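# quick one, what's the 3D model for this:
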Amino acid sequence: MEIYSFSQQLVRDAGEFIKTRMTSEFDVLSKSNVNDLVTDVDKETEQFITRHIKEQYPTHKLVGEEYAEHSIEDDSGYVWVIDPIDGTMNFVHQQINFTISIGIFKDGNPVIGLVLDVMNDTLYHALKDNGAYIDDKQLPSLQDTSLERALISMNPKWMLHEKISEPFIDVARTSRQTRNYGSAALEFAYVAAGRLEGAVFFRLSPWDFAAGMVLIEEVGGVMTNALGNQLSITTSDSVIAGSPDVQRNIVARFKKNESFVEHHSERYQF
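Have a look, this model is predicted:
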């Protein structure tokens, strides 16, 4: 599939662009709050990606974290959902554990997912109904396990919000252990690769989860919002991903918590 080959080469080229750009100084700015960072490199990388897409596929829609088209209402046709640097905090502080994430959808349905671990030069990629891969190695189907034996990625800060904390604490207490890598796309790639059994997020934008949807579904995993509802690339949402039993178990804990359900729609008010 030509678009699949094109997108893989594009994301690898964008990764090389970032590594070259990192050798020069760059500005760090805050967006919605002091912890919501953006750099010159985010913006320049997205411009690099979108320019090449427009040249190759001028009729395709583009939506991205730093792009002028920050959201879409109509998901018909091909839509590229782009995060030029997922894990900007890591990029600024550590210069590792950040990714380029691209999800390609057609008529609202996931088709291609790509997550490039930039500094490790590792590409997680998937084409609908053709499996998921790490570089040239196909990933096996996920093996189910119990939540008690599962390694779950979770941002511990959500446990500090009194209105919604209880199910997060419940999952953390029940699981074998938790991790937080600071890049949602990388954590979804780790779920697809079997390095994590689940990932829990309270607040993500479409460019955070679009690529992960394809990767995880191609290895038999499940990704919904915290109430078990289908995700859409037109809407930000909570996200729970994982192997089927683990994912269902986590969703059940959120759905039964009345305080969480009540405040789920208020996710941007914290």
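
# buried sites along the longest helix along the chain?
Counting residues, the longest helix in the chain under DSSP state H turns out to be helix 2-21. Within helix 2-21, the residues that count as buried by 16 or more other Cβ atoms under 10 Å are 3-4, 7-8, 10-12, 14-15, 17-18. All C-beta atoms are positioned from the backbone trio N, CA, C, and that covers glycine.

# nearest to residue 182 among the residues you listed?
Checking these against residue 182 by Cβ to Cβ gives residue 18 as the nearest, at 16.3 Å.

# my read: that closest one touches residue 46, true?
No - Residue 18 lies out of contact with residue 46 (Cβ atoms under 8 Å); the separation is 10.9 Å.

# straight-line length of stretch 25-45, end to end?
15 Å (Cα to Cα, to the nearest Å).

# could you do stretch 116-125 as well?
Per Cα to Cα, stretch 116-125 runs 8 Å from first to last residue.

# how close does residue 109 get to residue 78?
11 Å (Cβ to Cβ, to the nearest Å).

# show me where the chain has helices.
2-21, 40-56, 88-93, 165-174, 184-192, 206-218, 244-255, 258-263.

# mean pLDDT for these: which is lowest?
Among the helices of the chain, helix 88-93 has the lowest mean pLDDT, at a mean of 89.

# can you pull the buried residues of that helix?
Quick answer for helix 88-93 (16+ other Cβ under 10 Å): 88-92.

# repeat that for stretch 220-235.
Buried residues in stretch 220-235 (16+ other Cβ under 10 Å): 220-226, 231, 233.

# which among the residues you listed gets closest to residue 260?
Using Cβ to Cβ, the buried residues of stretch 220-235 come closest to residue 260 at residue 226, 7.3 Å.

# contacts only, for the residue lying closest to that closest one once chain neighbours are set aside.
Sequence neighbours aside, residue 238 is the residue nearest to residue 226 in space, at 3.9 Å (criterion: Cβ to Cβ, 6 or more residues apart in numbering). Contacts for residue 238 were tallied using Cβ atoms under 8 Å, 6 or more residues apart in numbering; they are 201-204, 225-227, 254, 264, 267.

# from those, list the buried ones, please.
Buried among the contacts of residue 238 by 16+ other Cβ under 10 Å: 201-202, 204, 225-226, 254, 264, 267.

# ok, residue 226 touching residue 263?
No - using Cβ under 8 Å, residue 226 is not in contact with residue 263, being 11.1 Å away.

# what about the stretch 101-250 of the chain, any weak spots by pLDDT?
By pLDDT under 70, the stretch 101-250 of the chain has no low-scoring segment.
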